[in-house]
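Asks: Need a 3D model of the following:
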Amino acid sequence: MFLSYTASVILVSLALYGLWYVIKDMWAWCTGLAYMQLPDASFVILVHNMEYELEELLRFLAAEMATGSYECDVIVVDCGSDDLTPAILRRLASEMPGLTVVSAGRAMRPVAEVLPICRGAVVHVLDLTGRLKTRQFMAVVSSLLRQTQAEPVFRKKQNS
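Replies: Sure, this is the predicted structure:
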(Lines give C-alpha, C1' and ligand atoms only; values in the text may rest on other atoms or scores of the structure.)
Protein backbone atom coordinates (compact mmCIF):
# COMPACT_ATOMS: atom_id res chain seq x y z
CA MET A 1 0.00 0.00 0.00
CA PHE A 2 1.44 3.33 -1.07
CA LEU A 3 -0.89 5.61 0.87
CA SER A 4 -2.31 5.41 4.35
CA TYR A 5 -5.90 4.40 4.89
CA THR A 6 -6.98 7.99 5.58
CA ALA A 7 -5.34 9.34 2.40
CA SER A 8 -6.94 6.55 0.34
CA VAL A 9 -10.41 7.36 1.72
CA ILE A 10 -9.93 11.07 0.94
CA LEU A 11 -8.76 10.34 -2.63
CA VAL A 12 -11.67 7.97 -3.30
CA SER A 13 -14.11 10.53 -1.86
CA LEU A 14 -12.72 13.27 -4.11
CA ALA A 15 -12.88 10.98 -7.14
CA LEU A 16 -16.53 10.09 -6.44
CA TYR A 17 -17.34 13.78 -5.88
CA GLY A 18 -15.79 14.69 -9.24
CA LEU A 19 -17.58 11.80 -10.97
CA TRP A 20 -20.89 13.01 -9.51
CA TYR A 21 -20.36 16.49 -11.01
CA VAL A 22 -19.38 15.08 -14.40
CA ILE A 23 -22.54 12.94 -14.52
CA LYS A 24 -24.69 15.85 -13.30
CA ASP A 25 -23.29 18.22 -15.96
CA MET A 26 -23.75 15.63 -18.72
CA TRP A 27 -27.35 15.04 -17.64
CA ALA A 28 -28.10 18.78 -17.61
CA TRP A 29 -26.50 19.15 -21.05
CA CYS A 30 -28.49 16.27 -22.57
CA THR A 31 -31.86 17.26 -21.12
CA GLY A 32 -31.30 20.96 -21.76
CA LEU A 33 -30.83 20.44 -25.50
CA ALA A 34 -33.89 18.26 -25.84
CA TYR A 35 -36.29 20.74 -24.28
CA MET A 36 -34.85 23.99 -25.63
CA GLN A 37 -36.47 25.38 -28.75
CA LEU A 38 -35.05 28.25 -30.71
CA PRO A 39 -37.31 31.26 -31.22
CA ASP A 40 -38.72 32.02 -34.64
CA ALA A 41 -36.67 34.41 -36.74
CA SER A 42 -37.29 37.03 -39.38
CA PHE A 43 -34.84 38.13 -42.05
CA VAL A 44 -35.09 41.72 -43.26
CA ILE A 45 -33.04 42.01 -46.45
CA LEU A 46 -32.34 45.42 -47.99
CA VAL A 47 -31.63 45.26 -51.75
CA HIS A 48 -30.95 47.72 -54.56
CA ASN A 49 -30.39 46.90 -58.26
CA MET A 50 -29.59 43.20 -57.78
CA GLU A 51 -31.39 41.69 -60.77
CA TYR A 52 -28.53 39.29 -61.57
CA GLU A 53 -27.98 37.94 -58.06
CA LEU A 54 -31.29 38.31 -56.27
CA GLU A 55 -33.06 35.14 -57.36
CA GLU A 56 -30.06 32.95 -56.55
CA LEU A 57 -29.71 34.52 -53.09
CA LEU A 58 -33.37 34.16 -52.19
CA ARG A 59 -33.56 30.57 -53.43
CA PHE A 60 -30.43 29.81 -51.40
CA LEU A 61 -32.08 31.37 -48.36
CA ALA A 62 -35.26 29.34 -48.95
CA ALA A 63 -33.24 26.12 -49.21
CA GLU A 64 -31.37 26.90 -46.01
CA MET A 65 -34.61 27.73 -44.20
CA ALA A 66 -36.12 24.41 -45.31
CA THR A 67 -33.30 22.52 -43.57
CA GLY A 68 -33.57 24.64 -40.39
CA SER A 69 -35.29 23.48 -37.23
CA TYR A 70 -37.39 26.58 -36.64
CA GLU A 71 -39.76 28.85 -38.55
CA CYS A 72 -38.47 31.87 -40.45
CA ASP A 73 -40.01 34.57 -42.57
CA VAL A 74 -38.28 36.85 -45.06
CA ILE A 75 -39.04 40.49 -45.76
CA VAL A 76 -37.20 41.95 -48.73
CA VAL A 77 -37.08 45.74 -48.88
CA ASP A 78 -36.43 47.10 -52.37
CA CYS A 79 -34.62 50.41 -51.86
CA GLY A 80 -35.63 52.14 -55.10
CA SER A 81 -34.23 49.76 -57.71
CA ASP A 82 -34.42 50.94 -61.30
CA ASP A 83 -33.73 47.61 -62.99
CA LEU A 84 -35.69 44.33 -63.04
CA THR A 85 -35.34 43.76 -59.28
CA PRO A 86 -38.98 44.74 -58.44
CA ALA A 87 -40.36 42.38 -61.11
CA ILE A 88 -38.17 39.53 -59.89
CA LEU A 89 -39.27 40.18 -56.31
CA ARG A 90 -42.97 40.14 -57.25
CA ARG A 91 -42.51 36.81 -59.07
CA LEU A 92 -40.59 35.27 -56.18
CA ALA A 93 -43.15 36.53 -53.64
CA SER A 94 -45.88 34.69 -55.55
CA GLU A 95 -43.78 31.48 -55.57
CA MET A 96 -42.47 31.55 -51.97
CA PRO A 97 -45.12 31.73 -49.24
CA GLY A 98 -42.83 33.11 -46.50
CA LEU A 99 -41.55 36.02 -48.60
CA THR A 100 -42.90 39.55 -48.20
CA VAL A 101 -41.79 42.40 -50.47
CA VAL A 102 -41.79 46.06 -49.42
CA SER A 103 -40.83 48.95 -51.72
CA ALA A 104 -39.01 51.99 -50.36
CA GLY A 105 -36.98 54.91 -51.65
CA ARG A 106 -33.22 54.65 -52.13
CA ALA A 107 -32.41 57.28 -49.51
CA MET A 108 -34.54 55.90 -46.69
CA ARG A 109 -33.89 52.75 -44.67
CA PRO A 110 -37.34 51.58 -43.55
CA VAL A 111 -36.23 49.02 -40.98
CA ALA A 112 -38.37 50.67 -38.29
CA GLU A 113 -41.39 50.54 -40.58
CA VAL A 114 -40.79 46.90 -41.48
CA LEU A 115 -40.34 45.62 -37.91
CA PRO A 116 -44.11 45.36 -37.21
CA ILE A 117 -44.43 43.05 -40.24
CA CYS A 118 -41.82 40.64 -38.85
CA ARG A 119 -43.32 37.55 -37.25
CA GLY A 120 -40.18 36.21 -35.59
CA ALA A 121 -38.94 36.99 -32.10
CA VAL A 122 -35.45 37.50 -33.51
CA VAL A 123 -34.93 39.87 -36.45
CA HIS A 124 -31.81 39.69 -38.63
CA VAL A 125 -31.22 42.75 -40.82
CA LEU A 126 -29.00 42.06 -43.83
CA ASP A 127 -28.05 45.09 -45.93
CA LEU A 128 -27.14 44.10 -49.48
CA THR A 129 -27.21 47.69 -50.71
CA GLY A 130 -23.59 48.28 -49.82
CA ARG A 131 -22.54 46.43 -46.68
CA LEU A 132 -22.71 42.74 -47.56
CA LYS A 133 -21.42 41.06 -50.68
CA THR A 134 -23.14 38.02 -52.21
CA ARG A 135 -20.69 35.48 -50.76
CA GLN A 136 -20.84 37.11 -47.34
CA PHE A 137 -24.64 36.95 -47.44
CA MET A 138 -24.55 33.20 -48.11
CA ALA A 139 -22.05 32.62 -45.31
CA VAL A 140 -24.04 34.71 -42.82
CA VAL A 141 -27.34 33.02 -43.68
CA SER A 142 -25.81 29.56 -43.32
CA SER A 143 -24.25 30.49 -40.02
CA LEU A 144 -27.40 32.04 -38.58
CA LEU A 145 -29.68 29.18 -39.57
CA ARG A 146 -27.37 26.47 -38.27
CA GLN A 147 -26.72 28.01 -34.85
CA THR A 148 -28.27 26.48 -31.77
CA GLN A 149 -28.61 27.89 -28.29
CA ALA A 150 -26.14 25.29 -27.10
CA GLU A 151 -23.47 27.09 -29.11
CA PRO A 152 -23.57 30.77 -28.19
CA VAL A 153 -21.29 32.90 -30.30
CA PHE A 154 -19.15 35.41 -28.45
CA ARG A 155 -16.61 37.27 -30.52
CA LYS A 156 -14.08 39.83 -29.46
CA LYS A 157 -14.14 43.01 -31.47
CA GLN A 158 -10.96 43.22 -33.47
CA ASN A 159 -9.24 46.54 -33.96
CA SER A 160 -8.91 47.48 -37.61
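Asks: Check what pLDDT the residue nearest the centre of the chain gets.
Replies: In the chain, the centroid-proximal residue (Cα atoms, centre = their mean) is Leu144; its distance is 2.4 Å. We have a pLDDT of 85 for Leu144.
Asks: Hmm, it is touching His124, no?
Replies: Yes: using Cβ atoms under 8 Å, Leu144 is in contact with His124, at 5.9 Å. Backbone N, C-alpha and C define where each C-beta goes, glycine included.
Asks: Chain neighbours aside, what residue packs nearest to Leu58?
Replies: Nearest non-adjacent residue to Leu58, counting by Cβ to Cβ, 6 or more residues apart in numbering: Leu92, 5.6 Å away.
Asks: Contacts only, for that neighbour.
Replies: If you count contacts by Cβ atoms under 8 Å, 6 or more residues apart in numbering, Leu92 has them with 54-55, 58, 99, 101.
Asks: Show me where this structure has its strands.
Replies: In the chain, the strands defined using DSSP state E lie at 41-47, 72-79, 99-104, 122-127.
Asks: closest one to Leu16 among those strands?
Replies: strand 122-127 (42.7 Å; Cβ to Cβ).
Asks: Give me the sheet partners of that closest one and which way each runs.
Replies: strand 41-47 (parallel) (DSSP bridges).
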